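>>> give me a model of this one.
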Amino acid sequence: MLLGGRYQIITQLARGGFGATSIAVDTQRPGNPHCVVKQLKPVATDPFTLRVAKVFFDQEAEILETLGKHDKIPQLLAYFEENQEFYLVQEFIQGHDLTQELPLGKQLSEAFVIKLLKETLEVLAFVHQHKVIHRDIKPSNIRRRQEDGKIVLIDFGAVKQVKGLHVTPQGQTTFTIPIGTPGYMPSEQANGEPKLSSDVYALGIICLQALTGINPDPRSGGKLPTHPDTGEIVWRDRVKVSPKLANILDKMVRYDFRQRYYSASEALQAVSGLLPPSPPRKTLMGVGIAAAVVISIFISHLLSNTLTYKSYDNPSYGIKIKYPETWSIQNLQNPVTGEVVTFLSPKQSQANKFQENLTIKVLENYSGTLAQSTDLFKTEINKQMSDAKIIEQGSTILAKQAANQLVCTGKNKGKSLKNLQVWTFKGDRVYIITYTAAIDDYDKFMQIAEGMIKSFEISSP
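So this is what the prediction gives:
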């Protein structure tokens, strides 16, 4: 039997009174790729309850569709109703969940925890920016993707509203089960009033689990000790960590949600201060070059704050961007390469052999995913530049959309260049912004380029 006429269940992962989660194959896609099918069954099946359940289900599907645009959140592939039950079909993430990295009784390093915090908070910050509370942050819902070792957030608890939905005879909607997992769920969430900071609490508990080796889930026989008077978790006496990390974790797991970080973005800002600074570049001229770099950065900052900006608007592609009025424009409109426009910095002197520039491309009818596009972009970079080397890559935000970015160096026509490439999807279009400069001049205009990228807007579908 095929669910929705195309999904063949091959393995059931979990089953409860309100539905099941299974691995399936999509019989209508090339190669029959694996996917995750979640069955959601309301408590009651009377017509009115089912109508209300469908409203909730549609809302949750819209949320998952939006969140799935992030490279580290599974994509929503389909959702449908069949035989008075609801089904969600999501991308299957090949890899393992965090439970395999948190063995009972083993205390992990501070460096491991800081890295885990940063990677998870970066994804969770995107979720919170969309005013969504995950509600079920726990090790089994954090996966380590096999292909690149990155953290992926799965199983958004919000959709579980449909599972426990009940409609009273007076037409009022209630929920018969709390959403969350004991040990990771703070008190306000257990009382049915989750906050953004409830997710922050749960992640903080995972970090304490990593540091202490104690599983906080009482169903497993474990429990983090608490102070009898304050209710706060007592853990510092069990491990040795830096005071800065300890203070951050204490704030993440405060009993009173008002004393925690408000959201993942706020917590991420605090955690960023823990990261070790980048090692200084080796130079032959020591202090002289260091001074030149400081002067260059100062000039860049001064320029970015004194420039007057103009607005570029292209209705054909539905894009807008602000650029310095001293920069020139080349309208390219190249249907082959997809290049729409290039902004060129003013030429400083006759010796200035390469003008820093920022180019916008729009590619039509792209059918891949944001995750798949990274490998494609790397291939294109290798075609365009010799000795190409990717030195940074990761996720970001562009025009209020989930986006990816790459920083690379290489040579083009004998010139040693450095590129920042940022791209996102909207509809079947890919929007790509590339900042290019000579390696030695890259930092000089970086702040201006970042300001232009942040001003970028997309209005087309």
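>>> if I look at the most centrally placed residue in the chain, how far off is residue 402?
For the chain, the residue nearest the mean C-alpha position is residue 123 (3.3 Å; C-alpha atoms, centre = their mean). Separation of residue 123 from residue 402 (C-beta to C-beta, to the nearest Å): 10 Å. C-beta here means a position set from N, CA and C on the backbone, and glycine is covered the same way.
>>> okay, and the common contacts of the two?
70, 395 (C-beta atoms under 8 Å, 6 or more residues apart in numbering).
>>> show me where the stretch 151-300 of the chain has strands.
Remark: strands assigned in the stretch 151-300 of the chain by DSSP state E, counting those that start in this stretch are 151-153, 165-167, 173-175.
>>> let me see the contact set for the residue nearest to the centre of the chain.
70, 72, 73, 151, 152, 153, 395.
>>> pLDDT at residue 11, what is it?
Per-residue pLDDT puts residue 11 at 88.
>>> next one: the one 10 residues further on
pLDDT recorded at residue 21 is 85.
>>> for it, phi and psi?
phi -120, psi 130 (degrees, to the nearest 10).
>>> name the SS class of the residue nearest to the centre of the chain, please.
helix (DSSP: H, G, I helix; E, B strand; the rest coil).
>>> before we move on, what about residue 79?
Quick answer, by three-state DSSP: residue 79 is strand.
>>> next one: the residue nearest to the centre of the chain from residue 110, what distance?
From residue 123 to residue 110 the distance is 21 Å (C-beta to C-beta).
>>> for residue 321, list each beta-bridge partner.
Per DSSP bridges, the residues bridged to residue 321 are residue 312.
>>> now the helices for the protein?
If DSSP state H is used as the criterion, the helices of the chain fall at 47-67, 110-129, 187-190, 196-212, 243-252, 264-272, 287-306, 370-384, 446-455.
>>> and the fifth one, average pLDDT?
Right, helix 243-252. 96.
>>> about what we covered before: between the helices of the chain, which one is nearest to residue 432?
helix 370-384 (8.1 Å; C-beta to C-beta).
>>> with adjacent residues omitted, what lies nearest to residue 393?
residue 406 (4.9 Å; C-beta to C-beta, 6 or more residues apart in numbering).
>>> thought residue 376 was touching the one you found, still the case?
No: contact criterion C-beta atoms under 8 Å: residue 406 and residue 376 do not qualify, at 11.2 Å.
>>> and residue 255, how far is that from residue 190?
12 Å.
>>> just to revisit the earlier point, any idea how far residue 101 is from the residue nearest to residue 393?
27 Å.
>>> between these two, which one's more packed in?
Of the pair residue 406 and residue 101, residue 406 is the one with more neighbours under other C-beta atoms under 10 Å, namely 19 against 15.
>>> contacting residues for that one?
Residue 406 makes contact with 374, 377, 378, 381, 390, 392, 393, 419, 420, 421 under the criterion C-beta under 8 Å, 6+ apart.
>>> is it true that the third one touches residue 389?
Going back to what we said before, that points to residue 378. No: with contact defined as C-beta under 8 Å, residue 378 does not count as touching residue 389 (10.6 Å).
>>> looking at the two, which is more packed in?
When residue 378 and residue 389 are compared for neighbours, residue 378 comes out ahead with 16 against 12, by other C-beta under 10 Å.
>>> give the contact list for that one.
390, 406.
>>> pLDDT wise, what is it at?
For residue 378, pLDDT reads 81.
>>> and it, how far from residue 394?
As defined by C-beta to C-beta, residue 378 lies at a distance of 13 Å from residue 394.
>>> CA atoms only: put stretch 179-188 into PDB for me.
Output in PDB follows, covering the C-alpha atoms of stretch 179-188 (Å, rounded to 0.1, in the frame of the first residue of the first chain):
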ATOM      1  CA  ILE A 179       4.600  18.800  24.300                       C
ATOM      2  CA  GLY A 180       8.100  18.200  25.400                       C
ATOM      3  CA  THR A 181      10.400  15.600  27.100                       C
ATOM      4  CA  PRO A 182      10.800  15.200  30.900                       C
ATOM      5  CA  GLY A 183      14.200  16.400  32.000                       C
ATOM      6  CA  TYR A 184      14.700  18.800  29.100                       C
ATOM      7  CA  MET A 185      11.300  20.600  29.500                       C
ATOM      8  CA  PRO A 186      11.200  23.600  31.800                       C
ATOM      9  CA  SER A 187       8.400  24.300  34.200                       C
ATOM     10  CA  GLU A 188       6.500  26.900  32.100                       C
END
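>>> buried ones in that stretch?
179, 180, 181, 183, 184, 185, 186, 188 (16 or more other C-beta atoms under 10 Å).
>>> could you do stretch 116-123 as well?
Those would be 116, 117, 119, 120, 121, 122, 123, for stretch 116-123 by 16+ other C-beta under 10 Å.
>>> quick check, nearest of those to residue 56?
Using C-beta to C-beta, those come closest to residue 56 at residue 123, 24.2 Å.
>>> any idea how far that closest one lies from residue 137?
For residue 123 relative to residue 137 (C-beta to C-beta), the value is 11 Å.
>>> for residue 375, same thing?
29 Å.
>>> residues in contact with the residue nearest to residue 369 when sequence neighbours are not counted?
Closest residue in space to residue 369, ignoring its immediate chain neighbours: residue 75 at 6.3 Å, by C-beta to C-beta, 6+ apart. For residue 75, the contacting residues are 68, 69, 90, 91, 369, by C-beta under 8 Å, 6+ apart.
>>> which of these has the largest number of neighbours?
residue 90 (22 neighbours).
>>> can you read off the pLDDT for it?
So residue 90 comes in at 92 (pLDDT).
>>> residues in contact with it?
Counting by C-beta under 8 Å, 6+ apart, residue 90 has contacts 35, 36, 38, 64, 68, 74, 75, 76, 77, 154.
>>> reformat those as CSV; add distance to residue 209 and pLDDT.
Output for the contacts of residue 90, formatted as CSV (distance: C-beta to C-beta, whole Å; pLDDT from 0 to 100):
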residue, distance to residue 209, pLDDT
35, 30, 93
36, 25, 92
38, 26, 87
64, 27, 88
68, 28, 90
74, 24, 94
75, 29, 93
76, 30, 92
77, 32, 93
154, 18, 92
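>>> rebuild those residues as CSV, extending it with distance to residue 363.
Formatted as CSV, those follow (distance: C-beta to C-beta, whole Å):
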residue, distance to residue 363
35, 26
36, 29
38, 33
64, 25
68, 20
74, 24
75, 19
76, 23
77, 22
154, 29
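>>> quick one: which of the residues you listed sit in strands?
35, 36, 38, 76, 77 (DSSP state E).
>>> farthest pair within those residues?
38 and 77 (11.3 Å).
>>> which residues do these two both contact?
89, 90.
>>> who touches the nearest residue to residue 188 once chain neighbours are set aside in this structure?
Excluding the flanking residues, the one nearest residue 188 by C-beta to C-beta, 6+ apart is residue 257, at 5.2 Å. Taking C-beta under 8 Å, 6+ apart as the criterion, residue 257 is in contact with 186, 188, 195, 197, 198, 201.
>>> count of neighbours near the spatially closest residue to residue 156 that is not a sequence neighbour?
Distances taken as C-beta to C-beta, 6+ apart put residue 134 closest to residue 156, at 5.6 Å, once the chain neighbours are dropped. A count of nearby residues for residue 134, using other C-beta under 10 Å, gives 28.
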